[in-house]
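# Show me the folded form of this:
(2 chains, ligands or ions: 2)
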Amino acid sequence: MNYRGPYRVRVDRKPIPVCEHVEDAVIRVTRTCVCGSDLHLYHGMVPDTRVGMTFGHEFTGVVEEVGSGVRNLAVGDHVLVPFNIACGRCHFCKQGLFGNCHEANAQATAVGGIYGYSHTAGGYDGGQAEYVRVPYADVGPCKIPETMDLDDAVLLTDVVPTGYQAAEMGGIQRGDTVVVFGAGPVGIMAARCAWLFGAGRVIVIDHVEYRLDFARRYCPAEVYNFRSIGDPVVFLKKTTDSLGADVCIDAVGGDAAGSALHTLMGTKLKLEGGSAVALHWAINSVKKGGIVSIVGVYGPTGNLIPIGNVLNKGITIRANQASVKRLLPKLIAHIEAGRLNPKELITHKVPLEEAADAYHLFSAKLDGCIKPVLVPPTARA
Amino acid sequence: MRNRPIDPSTVPGWGVDADPQNDPTYPMRDIARDDSRGMNWTRPPQQRARVEVLTSIEYNARPAVVGTSVPPRGVSGVIRRQAFRYSESQWAHWLMLMAADRVNVVEGVVDDLARGRVPNVPAEMGARAELAHNRSGLAAKLALTGAAIGLGILVTRLARAERR
Ligand SMILES: [Zn+2]
Ligand SMILES: [Zn+2]
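Residues are numbered from 1 along each chain as shown, chains lettered A, B, ... in the order given. Ligands and ions are numbered 1, 2, ... in the order given. A predicted model of the protein is given here:
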């Protein structure tokens, strides 16, 4: 997969990656997803996304080659690879903050290293390819349990942990009302995971009907289309005795629809780090003293955030890239126990060669697309 | 808890991760494991980058492992190098990178042409998926584009007629 500019990708031949560091591995990809956050790149919203780059931070694969410093991984292992590139020993990794590693991203200190996610996230080629270079191979990759479906495994690289961590950061207590903005795969997973923490009521807000239908069945949640409820903040206040929700989760990020001002400033002129509509709604509809949890991706610099309301309402804001590795053992157990069934999110399985169509399908929200998975030719034999 | 259409206890796994001790603020600084001030962990061996890697000026030491996907080059490369003279808290840093990205798109097309390859832009934009699943939308878009071109021709003709 080869990025050529906003809304343009194609599939090209590139040299097979090699180990560039003693702790690297090279992995032959067996499954790779297109992620909602790839769409921020695809739409040209993330700075330092260079033409010629390969996207893809959600992938599973078989180890083809390991560097001389790799101990825990052997050629032939079938692994799922968390989207964070993390050294496992720095100040942040030691605290389980694998999404905030200090030894993986030269281009920025504010974000960790992420596969195929612009040079702002380190300039690594991603997994929407036949082969991918995996740094710190002893830390990230996790052997796929024998009994686990590959389609479940690939969603453990981002969607499941990000959704779970969104709910976790919300500090949900028994009986809480949780509102999730965005019915993409991560929002849907966050809504589903909110129940695991004991939520009493889960509400999902979006504007695409087929995604809301999916959320109603899968999560299961109350769903509302913000195009038909008037002002979503007023609506949410009214439905919570005018107090507001206990926890609001922003699973949208900088591509939000719903405000002409933010669309112009954030997504057209790119003068703010994306359109922050969902975050506005989350801050304004959470109760005083409530928690807003952000997992939607925003670009750097300004966002016209209603920070005055954050102060006046005493809101706790928590946000992060998911620390996938920290959560994996718990999530694997949830899947094995049948409490989570991530592969049901996959609506499209597409050959890697048709990446351009998969991107368009997902971006334009056609054909009921929730989550597309790309399968490379080398994995189809 | 009036108007609650779903009985949570029917959801598989409901409440399994509920914990009265649950710290609503994880992951927060874990002071116990915060045993150092500064970079005093055993650093991984330094990767020798075979290409130019721009580095944030906020680092004292470059991270041990770096990505080498697409090194800066051409006009966009010049702009990117300039951008990396500013810190991440400067708007200029990010705006210059965004500008470089736009220049880079043009460079990509020039590069393709130089290699004797005309980029198939409709295919790269997923025209096949559009055709298969959004025929009416596509027709509307084409009609709109056609109308815009028609209008353009009309306006230039009128302008020319005016000058004569
Ligand atoms: Zn993702
Ligand atoms: Zn680290």
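# pLDDT below threshold where in chain B?
In the predicted model, chain B carries pLDDT under 70 at residues B:1-4, B:20-37, B:138, B:156, B:162-164.
# cool, chain A as well?
Looking at chain A by pLDDT under 70, you get A:256-274, A:301-303, A:381.
# Now do the SS call for the residue of it most remote from its centre.
Within chain A, the residue lying farthest from the chain centre (C-alpha atoms, centre = their mean) is A:Asp241, at 32.3 Å. Recorded secondary structure, A:Asp241: coil (DSSP: H, G, I helix; E, B strand; the rest coil).
# That one and chain B, how far apart?
Distance, A:Asp241 to chain B, using C-beta to the nearest C-beta, to the nearest Å: 9 Å. Where you see a C-beta, it was placed from the backbone N, CA and C, and this is true even at glycine.
# How about A:Thr32: which residues does it bridge to?
A:Phe59, A:Leu374 (DSSP bridges).
# can you give me the helices in the chain?
Using chain A. Counting by DSSP state H, one finds helices in chain A at the ranges A:36-42, A:150-155, A:159-169, A:185-196, A:209-218, A:232-238, A:260-262, A:277-285, A:307-313, A:324-336, A:355-363.
# Oops, wrong one, chain B.
Going by DSSP H, chain B shows helices at B:74-83, B:91-114, B:121-124, B:127-133, B:135-163.
# What are the buried residues along the first one?
Going by neighbour count (16 or more other C-beta atoms under 10 Å in any protein chain shown), the buried part of helix B:74-83 is B:Gly74, B:Ser76, B:Gly77, B:Ile79, B:Arg80, B:Ala83.
# so the fourth one makes contact with B:Glu107?
Same thing as B:Ile79. No. Under the criterion of C-beta atoms under 8 Å, B:Ile79 makes no contact with B:Glu107, lying 11.0 Å away.
# Skip the chain neighbours and tell me the closest residue to A:His119.
Once flanking residues are discounted, A:His119 sits nearest to A:Asp48: 4.0 Å by C-beta to C-beta, 6 or more residues apart in numbering or on different chains.
# Just give the number of residues close to the residue in the stretch 251-381 of chain A that chain B sits nearest to.
Using C-beta to the nearest C-beta, the closest approach of the stretch 251-381 of chain A to chain B is made by A:His360 at 2.4 Å. If you count neighbours by other C-beta atoms under 10 Å in any protein chain shown, A:His360 ends up with 23.
# ok, it touching B:Gly126?
Yes. Counting by C-beta under 8 Å, A:His360 touches B:Gly126, with 2.4 Å between them.
# So what's the residue count around B:Ile102?
One thing to correct before we go on: residue B:102 is Arg, not Ile. For B:Arg102, using other C-beta under 10 Å, the count is 14.
# residues contacting the residue nearest to A:His119?
A:Gln107, A:Ser118, A:His119, A:Thr120, A:Gly123, B:Arg80, B:Leu97, B:Ala100, B:Asp101 (C-beta atoms under 8 Å, 6 or more residues apart in numbering or on different chains).
# how close does the fourth one sit to A:Asn100?
Put plainly, it is A:Thr120. Distance, A:Thr120 to A:Asn100, by C-beta to C-beta, to the nearest Å: 14 Å.
# give me the number of residues near the residue lying closest to A:Thr49 once chain neighbours are set aside?
Closest residue in space to A:Thr49, ignoring its immediate chain neighbours: A:Ser118 at 4.2 Å, by C-beta to C-beta, 6+ apart. Neighbours of A:Ser118 under the rule other C-beta under 10 Å: 28.
# shouldn't A:Ser118 be in contact with A:His40?
No. The criterion here is C-beta under 8 Å, and A:Ser118 misses it with A:His40 at 9.1 Å.
# Need the residues touching each of those two.
A:Val46.
# Would you state the strands of the stretch 1-150 of chain A in chain order?
Remark: strands assigned in the stretch 1-150 of chain A by DSSP state E, counting those that start in this stretch are A:2-5, A:8-10, A:25-33, A:59-66, A:78-81, A:84-85, A:113-114, A:131-134, A:142-143.
# most neighbours per residue, which of those?
Among the strands of the stretch 1-150 of chain A, ranked by average contacts under mean count of other C-beta atoms under 10 Å in any protein chain shown, first place goes to strand A:84-85 (a mean of 30).
# on contacts alone, who are the packing partners of that one?
Judged by 3 or more C-beta pairs under 8 Å, 6 or more residues apart in numbering or on different chains; DSSP states H and E, strand A:84-85 is in contact with strand A:113-114.
# now with 10 Å?
strand A:113-114, helix A:324-336 (3 or more C-beta pairs under 10 Å, 6 or more residues apart in numbering or on different chains; DSSP states H and E).
# nearest to ligand 2, of those?
With C-beta to the ion, the closest approach to ligand 2 among the helices and strands packed on strand A:84-85 belongs to strand A:113-114: 9.0 Å.
# Tabulate the helices and strands packed on strand A:84-85 (CSV), appending distance to B:Pro45.
Formatted as CSV, the helices and strands packed on strand A:84-85 follow (distance: least, C-beta to C-beta, whole Å):
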stretch, distance to B:Pro45
strand A:113-114, 16
helix A:324-336, 21
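# related to what we said a few turns ago, go ahead and confirm the residue nearest to A:Thr49 touches B:Met98.
No. Contact criterion C-beta atoms under 10 Å: A:Ser118 and B:Met98 do not qualify, at 11.1 Å.
# overlap in contacts of those two?
Common neighbours of A:Ser118 and B:Met98, counting by C-beta atoms under 10 Å, 6 or more residues apart in numbering or on different chains, are A:Met45, A:Val46, A:Pro47, A:Asp48, A:Thr49, A:Gly299.
# So B:Thr145 versus B:Ala139, what's the distance?
Noted for B:Thr145: a distance of 11 Å to B:Ala139, by C-beta to C-beta.
# now A:Phe98
Taking C-beta to C-beta, one finds A:Phe98 at 48 Å from B:Ala139.
# ok, now A:Thr32?
33 Å.
# got the buried residues for stretch B:57-65?
B:Pro63, B:Ala64, B:Val65.
# Mind putting those into JSON lines with distance to ligand 2?
Formatted as JSON lines, those follow (distance: C-beta to the ion, whole Å):
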{"residue": "B:Pro63", "distance to ligand 2": "9"}
{"residue": "B:Ala64", "distance to ligand 2": "9"}
{"residue": "B:Val65", "distance to ligand 2": "10"}
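# I'm done for today, thanks for sticking with me.
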